[in-house]
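Chemist: here are the coordinates; sequence isn't available:
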């Protein structure tokens, strides 16, 4: 039983760490545009936000995949599912407020985030043999 509890604890830690990685990338996306002189509400700002949304998703999926004690792709997919739900909710509630290129870019990026996150989070071997 202690081994099972350890696995559950490490799984939860990997998922929480992934959400923290997402928050860290999102935080950087919030304060960097003012340093670069991007005007709020401009097309450049929206492109910046889309790029960092994708980077944050990749970072979170990669973190969960890399640090999962078992079933790494399932951990990455669970984070990805939260991202899909968040993107779907955001587009449902505010989709008309964004230009069409932003909405399409966000939806197209979701499978890319999963695949690239899995790729960055992979490990050569989990078996110590």
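Modeler: It's in. These figures come from a predicted structure and were not determined experimentally.
Chemist: what helix or strand is the most centrally placed residue in the chain on?
Modeler: Per CA atoms, centre = their mean, the C-alpha nearest to the average position across the chain is that of residue 57, at 1.7 Å. Assigning secondary structure by DSSP states H and E places residue 57 in helix 43-67.
Chemist: Moving C-terminal from that helix, which element do we reach first?
Modeler: Once the chain leaves helix 43-67, the next helix or strand it forms, by DSSP H and E, is helix 72-94.
Chemist: What is that following helix packed up against?
Modeler: Where contact means 3 or more CB pairs under 8 Å, 6 or more residues apart in numbering; DSSP states H and E, helix 72-94 is packed against helix 2-36, helix 43-67, helix 100-121. From N, CA and C alone the C-beta is placed, and that goes for glycine too.
Chemist: From residue 104, how far off is residue 75?
Modeler: 28 Å (CB to CB, to the nearest Å).
Chemist: in the chain, which ranges drop under the pLDDT threshold?
Modeler: Applying pLDDT under 70 to the chain flags the ranges 1, 124-129.
Chemist: Mind doing that once more with 80?
Modeler: Residue ranges of the chain with pLDDT under 80: 1, 32-42, 44, 95, 124-129.
Chemist: Neighbour count: residue 75 and residue 104, which is higher?
Modeler: residue 75 (23 against 11; other CB atoms under 10 Å).
Chemist: how near is the more buried one to residue 15?
Modeler: Using CB to CB, residue 75 is found at 6 Å from residue 15.
Chemist: Give the residues shared as contacts by the two.
Modeler: Residues touching both residue 75 and residue 15 by CB atoms under 8 Å, 6 or more residues apart in numbering: residue 64.
Chemist: Could you list every helix and strand in contact with the helix holding residue 57?
Modeler: If you count contacts as 3+ CB pairs under 8 Å, 6+ apart, helix 43-67 packs onto helix 2-36, helix 72-94, helix 100-121.
Chemist: so which of these comes closest to residue 46?
Modeler: helix 100-121 (5.4 Å; CB to CB).
Chemist: ok, and what's touching that closest one?
Modeler: With contact meaning CB under 8 Å, 6+ apart, helix 100-121 is reached by 46, 50, 53-54, 57-66, 72-73, 76-77, 79-80, 83-84, 87, 91, 95.
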